[in-house]
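Trainee: Generate a structure from the sequence data that follows.
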Amino acid sequence: MTVTDRQVATLRAQLAGDFEEHTRLLAQFDEALNARPYVTLINAAFFAAADRRFGGTAAAGDITGFVADVRSRSPKVRAALDPRVAEQVLLAVATGADISDLDPREVRSSQTILLDALITDEGLDGAGLDAFMVATRQSADRLLS
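Mentor: All right, here's what the predicted structure looks like:
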């Protein structure tokens, strides 16, 4: 099983802020065929983006500040992003902290919101986002093999 072009296009649309296209592509997914590779792609993208931002050098205060900043961006995000879960998810990337006690659905939701914020903050242009997606797809394909 590998990541498909459509799965990459779906996540890329989300990260580019093209939510109409993201929703359109997501609606075409067959859950049985797409769930595992798409979730793996999101996980790989989240890990890559979080590692680029916080990898190896982040203090807990940096992560707490980032989560607070993300939550302050909109009331919808504030309501959807539990700061405790978000901080633990980022600490897991930065320090290898254990998050096995967290609800997997909350982890995925936090990763998705944080991934959007991490990519937005990077200010990637189209070519930069394309390069990020190529590397992310390669990582996800390795995880799936």
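Trainee: elements contacting the helix or strand hosting A13?
Mentor: Using DSSP states H and E, A13 sits in helix 5-15. Here helix 5-15 touches helix 19-27, helix 31-54, helix 104-122, helix 126-144, going by 3 or more Cβ pairs under 8 Å, 6 or more residues apart in numbering; DSSP states H and E. In this view, the C-beta of every residue, glycine as well, is placed from N, C-alpha and C.
Trainee: Make JSON lines out of the ones you listed and add distance to P75.
Mentor: Formatted as JSON lines, the helices and strands packed on helix 5-15 follow (distance: least, Cβ to Cβ, whole Å):
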{"stretch": "helix 19-27", "distance to P75": "17"}
{"stretch": "helix 31-54", "distance to P75": "23"}
{"stretch": "helix 104-122", "distance to P75": "13"}
{"stretch": "helix 126-144", "distance to P75": "27"}
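Trainee: Adding mean neighbour count and distance to Q7, write these out as TSV.
Mentor: As requested, these are exported to TSV (neighbours: other Cβ atoms under 10 Å; distance: least, Cβ to Cβ, whole Å):
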stretch	mean neighbour count	distance to Q7
helix 19-27	13	9
helix 31-54	18	5
helix 104-122	18	14
helix 126-144	15	8
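Trainee: Using CSV, please lay out those helices together with mean pLDDT and distance to D5.
Mentor: Formatted as CSV, these follow (pLDDT from 0 to 100; distance: least, Cβ to Cβ, whole Å):
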stretch, mean pLDDT, distance to D5
helix 19-27, 92, 11
helix 31-54, 90, 11
helix 104-122, 94, 19
helix 126-144, 96, 9
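Trainee: Return the set of buried residues in the helix holding A13.
Mentor: Within helix 5-15, the residues that count as buried by 16 or more other Cβ atoms under 10 Å are Q7, V8, T10, L11, R12, A13, Q14, L15.
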